[in-house]
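*Asks:* I'll drop the sequence and a predicted model, then ask my questions.
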Amino acid sequence: MQIPKDLIEKANDKLSRVANSAEFYQVRSAFLGKSSQLTQLFGSLRDLPKEDKIKFAKELNAIKSELEGIFERAFDSLGSSNQSSANLDLTLPGIDHGLGTLHPISVITQKITSYFEQNHYSVFFGNEIESDFFNFEALNFPANHPARQMHDTFYLDDEQKYLMRTHTSNTQIHAMMKYGVPLKMLSPGRVYRCDSDNTHLPMFTQAEGLVVDQNASFGKLKGTLINFLNHFFDQEMEVRFRPSYFPFTEPSAEVDIRFGKKGWLEVLGCGMVHPNVLIGCGVDPNQFTGFAFGMGIERLAMLYYGVEDIRDFYSSNLEFLKQFNTSL
Ligand code: PHE
């Protein structure tokens, strides 16, 4: 009997050119199938004398198990390479991870900021964790002012030295101390108060404006705010300046706008910077005057978008937020 010594080599050669499972099974049956040379040789063993039978059977079995091993490994590697190509369908639609959009409050903040930037205000970012000095003292708040009380303000320590700022007016002091005067700045950011109902939240957003120069006047303050409100709502607004009180401005006013059936609504506070505030920042009130204003951004956003409950902005309800179509 002739034992074909090159069977392994031939099988390896054929397998190296196999591209898919159909071809694999063809090659496998050619080498190990019923009509393969190997099976035929096993069949012819029975005609051999006993001694030869044992000898050749041993040799054939060794070849057979080697071939089986080769085919097994080839099949495994065919399976893994098949998976990456055969299962890849380039025509399937992609997975949509849903790019986010801007939150309506961010959109309104940007709208306000860019208006003032175009009017040559620098944008200044203040800190939300503040000391009593910048939030109250430097702004001329007397020791017994109600805003300083525990039930209005989130204090961070027992001595009440540090707190979450209650307004963005702290940036007036930081900006004047850092950049000196003359100065024109707008500072948007979050503020915190112990307050919560359908028009108030413990955290909300304000934008502070401050102009200090040699001829800032109440007339210019009025013009600035009326122009801004007309621009913001894209129509002539009815605006009312109502006398008010803030420790850091004198005179002070609250600004209301007439809004359809809702009537007069307060949208911001403003006034001429109090001389004590200027002096505290090293500014001579005989040479410089200033005006300041602070607006509630959620309030403006509610009017702009017609939202009735301020809490909707922060309830993380995507169905609500998607309505604004605030894509980037
Ligand atoms: N800080 C005041 C408030 O939060 C608003 C304000 C800002 C008033 C600037 C006058 C000047 O109510």
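*Replies:* Perfect, thanks for sending it. If you're wondering where the values come from, they're calculated on a predicted model, not measured in any experiment. Numbers count the residues shown, from 1 in each chain.

*Asks:* do stretch 181-191 and the ligand meet?
*Replies:* No - taking Cβ under 6 Å from any ligand atom as the criterion, stretch 181-191 and the ligand are apart, separated by no less than 7.0 Å. (C-beta placed from N, C-alpha, C; glycine too.)

*Asks:* just the CA atoms of that stretch, as CSV, please.
*Replies:* Extracted C-alpha coordinates of stretch 181-191, given in CSV (Å, rounded to 0.1, in the frame of the first residue of the first chain):
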residue,chain,number,x,y,z
VAL,A,181,-13.2,102.2,35.6
PRO,A,182,-14.4,103.2,33.1
LEU,A,183,-16.2,99.9,32.6
LYS,A,184,-19.0,98.4,30.7
MET,A,185,-19.8,94.8,31.6
LEU,A,186,-22.5,92.2,31.4
SER,A,187,-22.4,89.1,33.7
PRO,A,188,-24.8,86.3,33.3
GLY,A,189,-25.0,83.4,35.8
ARG,A,190,-26.8,81.4,38.4
VAL,A,191,-28.0,82.7,41.7
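
*Asks:* distance of the closest residue to the ligand within the stretch 201-328 of the chain from residue 261?
*Replies:* Distance from the ligand to each residue of the stretch 201-328 of the chain (Cβ to the nearest ligand atom) is smallest for residue 294, at 2.7 Å. Using Cβ to Cβ, to the nearest Å, residue 294 is found at 27 Å from residue 261.

*Asks:* what's the answer for residue 48, then?
*Replies:* In terms of Cβ to Cβ, residue 48 sits 110 Å off from residue 261.

*Asks:* how is the chain partitioned into domains?
*Replies:* Segmentation of the chain into domains, based on automatic domain parsing, reads 7-86, 104-321.

*Asks:* who has more neighbours out of residue 48 and residue 261?
*Replies:* residue 48 (14 against 4; other Cβ atoms under 10 Å).

*Asks:* need the pLDDT of the residue of the stretch 201-328 of the chain closest to the ligand.
*Replies:* Note on residue 294: pLDDT of 98.

*Asks:* report how many residues lie close to the closest residue to residue 110 other than its chain neighbours.
*Replies:* Among residues not flanking residue 110 along the chain, residue 102 sits closest, at 7.7 Å (Cβ to Cβ, 6 or more residues apart in numbering). Around residue 102 there are 15 other residues, counting by other Cβ under 10 Å.

*Asks:* one more: the one 10 residues further on?
*Replies:* Residues lying near residue 112 (other Cβ under 10 Å) number 22.

*Asks:* and for the one 5 residues further on?
*Replies:* Applying the criterion other Cβ under 10 Å, we find 13 residues in the vicinity of residue 117.

*Asks:* so does the helix or strand it falls within get close to the ligand?
*Replies:* Assigned by DSSP states H and E, residue 117 belongs to helix 104-118. No - Helix 104-118 stays clear of the ligand (Cβ under 6 Å from any ligand atom), getting no nearer than 13.9 Å.

*Asks:* CA atoms of that helix as PDB?
*Replies:* Written as PDB, here are the backbone C-alpha positions of helix 104-118 (Å, rounded to 0.1, in the frame of the first residue of the first chain):
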ATOM      1  CA  PRO A 104     -34.000  77.300  26.400                       C
ATOM      2  CA  ILE A 105     -32.400  79.200  29.300                       C
ATOM      3  CA  SER A 106     -29.000  78.900  27.600                       C
ATOM      4  CA  VAL A 107     -30.500  80.200  24.400                       C
ATOM      5  CA  ILE A 108     -32.100  83.200  26.100                       C
ATOM      6  CA  THR A 109     -28.800  83.900  28.000                       C
ATOM      7  CA  GLN A 110     -26.900  83.900  24.700                       C
ATOM      8  CA  LYS A 111     -29.500  86.100  23.100                       C
ATOM      9  CA  ILE A 112     -29.100  88.700  25.900                       C
ATOM     10  CA  THR A 113     -25.300  88.400  26.100                       C
ATOM     11  CA  SER A 114     -24.800  88.800  22.400                       C
ATOM     12  CA  TYR A 115     -27.000  91.900  22.300                       C
ATOM     13  CA  PHE A 116     -24.900  93.600  25.000                       C
ATOM     14  CA  GLU A 117     -21.700  92.400  23.400                       C
ATOM     15  CA  GLN A 118     -22.700  94.200  20.200                       C
END
